[in-house]
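S.K.: Sequence and predicted structure below; questions after.
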Amino acid sequence: MTVANKKGYFITVEGTDGAGKTSVLATIENWITAQGHRVITTREPGGTPLAEQIRDLLLTSREEKLADDAELLMMMAARVQHVHTKIKPALMQGTWVLSDRFLDASYAYQGGGRGMSTARIDALHTWAIDHFLPDLTILLDVPVAIGQARVAHRGEEKTRFEEEKTAFFERVRSAYLARANQEPQRIVVIDARADQARVQADVIAALSQRWSA
Ligand code: TYD
């Protein structure tokens, strides 16, 4: 990671919809606090008041269909705002930052799900945030059917993405796994089919391995 004088660490949690990010985020937050560090938890798309407005544009279904390129550009625009106004300033102060999704989601959803070219995403990624990457990414991997059943169980109104078909999420899952394969040092894949206690133990093991007290 290339923030000059950075003191805190940046951790992201990824996975297909319904992979169980919420409880894992709480586990990580508690672990960081227990190590005696300050931490802020944030999310993408969003994380700042302006970026949250972009989130609303991205997640709410409207009559006018959002073009794939517009979707990718808006994800990146929200990310630039988030990194510059929230993530980097916190890291510089020694605060750890934990984000519910980040860059890898663009490769998984826009690249895998929508089928946009990786080269296009790479170019925008470099433009938007250069080589700024998380120190650790936890990828919660779960078969699509299980994730979809969990989402349906929540009973909340579906986002634009959650309305997609199974094949879309299969592509998202494959793209996430392909990325983990390319960057095994940064991305730790956790089997999120397991019960919550097991997933929690695996997550803590990954954190302890990286930052043993
Ligand atoms: P999320 O907050 O995880 O939704 P939920 O809480 O319902 O699981 O993420 C919002 C959606 O945005 C999710 O379906 C994935 C999508 N997304 C992208 O398509 N590209 C991106 O770069 C990011 C960050 C998210």
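M.R.: On my side now, so go ahead.
S.K.: Now that Thr60 has come up, it's in contact with Arg160, right?
M.R.: Yes: contact criterion CB atoms under 8 Å: Thr60 and Arg160 qualify, at 6.8 Å. No exception for glycine: its C-beta is placed from N, CA and C like everyone else's.
S.K.: Touching both of these two, which residues are there?
M.R.: Residues touching both Thr60 and Arg160 (CB atoms under 8 Å, 6 or more residues apart in numbering): none.
S.K.: which stretches of the chain form helices?
M.R.: Ranges of helices within the chain are 21-34, 49-59, 68-82, 88-92, 103-105, 118-129, 144-154, 166-182, 196-210, based on DSSP state H.
S.K.: Can you tell me, leaving aside adjacent residues, what's nearest to the spatially most central residue of the chain?
M.R.: Central residue of the chain (CA atoms, centre = their mean): Arg101, 1.4 Å from the mean position. Leaving aside its sequence neighbours, Arg101 sits nearest to Glu44 (CB to CB, 6 or more residues apart in numbering; 4.5 Å).
S.K.: Identify the residues contacting that neighbour.
M.R.: Glu44 sits next to 51, 75, 78-79, 82, 99-102, 105 when contact means CB under 8 Å, 6+ apart.
S.K.: ok so, going back, any idea which of the helices of the chain is most buried?
M.R.: Mean neighbour count (mean count of other CB atoms under 10 Å) peaks for helix 103-105 among the helices of the chain, with a mean of 25.
S.K.: quick one on the thing from earlier: quick check: the residue nearest to the centre of the chain touching Thr12?
M.R.: Yes: at 6.7 Å, Arg101 counts as touching Thr12 under the criterion of CB under 8 Å.
S.K.: For the helix or strand of the chain with the lowest mean pLDDT, list the C-alpha coordinates in PDB.
M.R.: Scoring the helices and strands of the chain by mean pLDDT, DSSP states H and E places helix 144-154 at the bottom, with a mean of 87. The C-alpha trace of helix 144-154 is given here as PDB (Å, rounded to 0.1, in the frame of the first residue of the first chain):
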ATOM      1  CA  VAL A 144     -24.900 -18.700  -5.100                       C
ATOM      2  CA  ALA A 145     -28.000 -20.600  -4.100                       C
ATOM      3  CA  ILE A 146     -27.200 -20.300  -0.400                       C
ATOM      4  CA  GLY A 147     -26.500 -16.500  -0.700                       C
ATOM      5  CA  GLN A 148     -29.700 -15.900  -2.600                       C
ATOM      6  CA  ALA A 149     -31.700 -17.800   0.000                       C
ATOM      7  CA  ARG A 150     -30.200 -15.700   2.800                       C
ATOM      8  CA  VAL A 151     -31.100 -12.500   0.900                       C
ATOM      9  CA  ALA A 152     -34.600 -13.700   0.300                       C
ATOM     10  CA  HIS A 153     -34.900 -14.400   4.000                       C
ATOM     11  CA  ARG A 154     -34.100 -10.800   5.000                       C
END
